[in-house]
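[1] Can you look at this prediction? I've put the sequence above it.
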Amino acid sequence: MVTDDLDECSFCLIVQGRSEAEVVFESPDSVAFLPLNPATLGHTLVVPRMHVQDLWDLESEPAKSLMESTLRVAHGLRVALKPQGLNLINSSGFAASQTIFHLHMHLVPRWDGDRVGNIWPPKQPMAATARKQLADEVREGVEVAVRLNLPS
């Protein structure tokens with residue numbers, strides 16, 4: 001649910017200590033906690049303390065801090081659970097399956113044969129001309145983002 005009312009954001013409530021959660025790490029800028037419905041054993045969410053709707057709304061300095069916390073928790077998961085792998089997932093927007101509109105990073109420890117399975121669709125090569133055209137469009141988009149001084 002999209003909300004601008006921070007009193008209704010479930011992650012803001014956790015950050016503020018107004019809603020219970022199994023917090024596993026805190027920094028001045030972020031909080032990491034276990035979700036109610038984990039994808040795998042150890043699935044952990046890392047959220048910024050300030051309300052940011054999604055990745056596109058995140059500024060550069062808070063992004064650095066969020067990634068530092070994410071990396072710290074990832075190492076903690078590796079020490080504690082010894083997974084065979086880890087997915088770092090962020091969903092921004094409805095089409096990407098974002099359900100809580102407070103930026104969050106999913107750290108999902110992985111093991112062969114776990115219930116998540118393969119997260120990538122079957123391989124379908126893109127035609128070279130289509131790939132080149134797409135690359136040109138993305139390069140242009142990045143240049144525009146730089147000119148607009150969007151966070152880097």
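    Yep, it's here. Numbering: from 1, shown residues only.

[2] Excluding its own residues, what touches the top helix by length along the chain? List them.
    Ordering each helix of the chain by length in residues (DSSP state H) puts helix 60-81 first. Defining contact as Cβ atoms under 8 Å, 6 or more residues apart in numbering, one finds that helix 60-81 is touched by 24-25, 27-30, 32, 41-42, 44, 46, 48, 50, 52, 58, 83, 86, 88, 103, 105, 107, 109, 151-152. Using the backbone N, CA and C atoms, a C-beta is placed for each residue, glycine as well.

[3] Quick check on these: which are buried?
    Restricting the contacts of helix 60-81 to buried positions leaves 24, 27, 29-30, 32, 42, 44, 46, 48, 52, 58, 83, 86, 103, 105, 107, 109, with burial counted as 16 or more other Cβ atoms under 10 Å.

[4] Next step: these restricted to strands.
    Taking DSSP state E, the ones among the buried ones among the contacts of helix 60-81 that sit in strands are Val24, Ser30, Ala32, Thr44, Val46, Pro48, Leu86, Met105, Leu107, Pro109.

[5] tell me the contacts of the last one?
    Taking Cβ under 8 Å, 6+ apart, we find Pro109 in contact with Thr40, Leu41, Gly42, His43, Leu77, Leu81, Pro83, Gly85, Leu86.

[6] So it versus Ile100, what's the distance?
    According to Cβ to Cβ, to the nearest Å, Pro109 stands 21 Å off from Ile100.

[7] which SS class is the residue in the chain sticking out farthest from the centre?
    The outermost residue of the chain, judged against the average C-alpha position, is Thr129 (31.9 Å), by Cα atoms, centre = their mean. Put simply, Thr129 is helix when judged by DSSP: H, G, I helix; E, B strand; the rest coil.

[8] got the end-to-end distance for stretch 112-126?
    28 Å (Cα to Cα, to the nearest Å).

[9] For that stretch, give me every contacting residue.
    For stretch 112-126, contacts defined as Cβ under 8 Å, 6+ apart pick out Ala39, Thr40, Gln84, Asn87, Val108, Arg110, Leu134.
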